[in-house]
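> Sequence unavailable; structure follows:
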């Protein structure tokens, strides 16, 4: 099995470039030997600053809102929620800028190849004269670019950014310094000021130093007649923490990372030792492969041929690779695009969408034997629990803590939406179950690691969120229910009226069933939850009543949380109802939706249906008109195509494939072996299998 992406032409679009990252720093490498672009990101570069934008009188409208929901007055419920119960959009994750390399007369040579080695985390572009290598070092906290040539060549280094900036040289260092906007609204919002720098947002600084001979101009670095040079790139911002104004010295921070600089050979060896020690814990070989084909052609070939099961293995390992690239100890949590974003006003603000997407980013972390990468997720949860105390009080007049469907680096917990209360946000904004879901995922991490210190550290956060639900739950027909709530982003038809706000949707039942069980592990007393409802048609009901479905093939399958990712063991009756629900939902969907369905079919022990969704996720999305499609798939660089790009689908499909191995439920077309799948109790599973049947199994203690 060859863990390598490779191509015979440069990247023309961002979705063709190859990613490297160390959790904090990210780079998309195009491999252009005329004018190379390396698109840069730093994980703390967000718009805005910590502000309390909760609607302070929102709790006044809670009872009228509940009354409208209980009475089935959907239009009135929507009106109250949007006009009187609204919040404010999240802030925006921002692109740092680009490092440009202007080469002189090297692009016309022959034998061009660019590649990404997943095992080493190094991307290369080379022809018969030149080799350019790029990696993001976690030990050094630097982006490292090495250029070697058989003949002396000349080239120039420049920096640029879409954000307000200045570029200059000082003390043999090329700097870019700039400022993030204070206001940066989502790209679908067009009312009033949607982008403004203001005075309270963070600063950023990039710094470039070189190993080799170079001349420093006013705003560039020039290399003349060189056969080798190493470029060291450092990036930093003035971010302090989620509750403090961003007033750190970004320039001093950026310079400080150069203290880690060593020779290129030492930096490379140190990086590979760190990266490979984690990546190589898991091996997978499905025996048939077409690694002789460039990856873009290989994806197309896969649609019509059955001789490349290892493209699925490559997709699995790519999810693990991206976990290492986007989430490491000390970094921010992985957002909608991981850390890779080129847009000033990114799709969905490239934020934390915590009604599925952020959680999905971490589904594969433990089971794929990368538990060390989980810490940033728990840190984000801690920050949200802290800020959620204000939201619980302002919106629900409750103790404890709650959060809704969006968050950001400032740990936003309020409902997202038009600050003027004029958006139709009812299908997504007023769902309050993100924190119990996220804490369930932290508890799942504990099941894998058995970290006793983590168990004690989790306890007060579970207590805070439990306190909220003890106050928030309200009796309806003799049952304690959530209200208001929704089945995220989906809608129903009730007597000809379109609605979405409801009480105790099935997703809430599934989340709270698991959350309360986890709370009892700490010795807490908890409320009771109603059973998972099954409709007369044999499917799991999505809402409190068997409403007509507005979108029968809707991308979210929130009502099936009880099956996956929940750790709660469900009856065969519920599992069968979930199967029927999935059949009706269909085999299409956006990128991350396909990943969730892979996980569900894997958990339901139907490997053939899981495989069908994996194949759908490998559908080629190579042309820009497809950006507006609802057909998920993969870009040429194997990034998940929602479309547009969202990284969660990469993690979701990797988790689903790992779940198939964990449950030893494999398609008949799979033969080969897997080593290192992680199990509960800090154990590892290795399997050999032939035509879908396991022939050898070994469980050992994790290394």
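Great, that's in hand. Note that the structure is predicted; figures quoted are calculated from it, not measured.
> make it CA atoms for all contacts and neighbour counts henceforth
OK.
> quick one: residue 151 and residue 129, what's the gap?
7 Å (CA to CA, to the nearest Å).
> Apologies, that question was intended for residue 331.
Using CA to CA, residue 331 is found at 37 Å from residue 129.
> do the same with residue 378
The spacing between residue 378 and residue 129, counted by CA to CA, is 47 Å.
> Residue 561 too?
Counting by CA to CA, the gap between residue 561 and residue 129 amounts to 54 Å.
> neighbour-wise, which of the two wins?
Set residue 561 next to residue 129 and count neighbours by other CA atoms under 10 Å: residue 561 wins out with 23 against 18.
> My understanding was that the more buried one contacts residue 509; is that so?
No: in this structure, residue 561 is not within contact of residue 509 by CA atoms under 8 Å, at 9.1 Å.
> Spit out the contact partners of the nearest residue to residue 562 once chain neighbours are set aside.
Here the nearest residue to residue 562 in space, its sequence neighbours aside, is residue 510; by CA to CA, 6 or more residues apart in numbering that works out to 4.5 Å. Taking CA atoms under 8 Å, 6 or more residues apart in numbering as the definition of contact, the neighbours of residue 510 are 532, 559-562, 566.
> Tell me the secondary structure at residue 457.
helix (DSSP: H, G, I helix; E, B strand; the rest coil).
> Tell me how far it lies from residue 51.
27 Å.
> And residue 155, by the same measure?
According to CA to CA, residue 155 stands 45 Å off from residue 51.
> who's more crowded, the two?
Just comparing residue 155 and residue 51: by other CA under 10 Å the higher neighbour count belongs to residue 155, 19 against 12.
> Now do the strands in the stretch 1-150 of the chain.
4-7, 18-21, 25-29, 35-42, 97-103, 113-117, 122-126, 130-137, 142-160 (DSSP state E, counting those that start in this stretch).
> Walk me through which strands the second one pairs with, and which way each runs.
Read it as strand 18-21. According to DSSP bridges, strand 18-21 has the following sheet partners: strand 25-29 (antiparallel).
> centre of the chain versus the partner strand, how much separation?
The chain centroid and the centroid of strand 25-29 are separated by 16 Å under CA atoms, centre = their mean, to the nearest Å.
> Stretch 188-198 too?
Offset of stretch 188-198 from its chain centre (CA atoms, centre = their mean): 25 Å.
> So for that stretch, what gets flagged as buried?
Of the residues in stretch 188-198, those scored as buried under the neighbour-count criterion (16 or more other CA atoms under 10 Å) are 195, 197.
> Tell me the span between the first and last residue of that stretch.
As for stretch 188-198, its first-to-last residue distance stands at 21 Å under the measure CA to CA.
> How about stretch 251-271?
Chord length of stretch 251-271, first to last residue, is 24 Å (CA to CA).
> what does that stretch rub up against?
Counting by CA under 8 Å, 6+ apart, residues outside stretch 251-271 touching it are 120, 136-142, 146, 177, 204-207, 211, 230, 232, 234-237.
> Buried among those residues? Make that a ChimeraX selection.
Buried residues within the contacts of stretch 251-271, as defined by 16+ other CA under 10 Å, are selected in ChimeraX through the command that follows:
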select :120,136,137,138,140,141,142,146,177,204,205,206,207,230,232,234,235,236,237
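> Just list the residues touching residue 613, thanks.
Taking CA under 8 Å, 6+ apart, we find residue 613 in contact with 587-588, 594-595, 597-598.
> no wait, residue 138
Remark: with contacts taken as CA under 8 Å, 6+ apart, residue 138 is in contact with 22-23, 271, 274.
> again, only using 7 Å
Each residue near residue 138 by CA atoms under 7 Å, 6 or more residues apart in numbering is listed here: 22, 271.
> do the same with residue 454
If a contact means CA under 7 Å, 6+ apart, then residue 454 has residue 446 as its contacts.
> let's have the chain start at 148 instead
Taking 148 as the first residue, the last one we looked at is residue 601.
> Am I right that it is in a helix?
Yes: according to three-state DSSP, the state of residue 601 is that of a helix.
> if I look at it, how far off is residue 360?
With CA to CA as the criterion, residue 601 and residue 360 are 49 Å apart.
> Residue 308 too?
Looking at residue 308 against residue 360, where the rule is CA to CA, the gap reads 26 Å.
> higher neighbour count, those two?
Set side by side, residue 308 and residue 360 give different neighbour counts by other CA under 10 Å, the larger being at residue 308 (19 against 13).
> thinking again about what came up before, quick check: the residue nearest to residue 709 is in a helix.
Yes: if the criterion is three-state DSSP, then residue 657 is within a helix.
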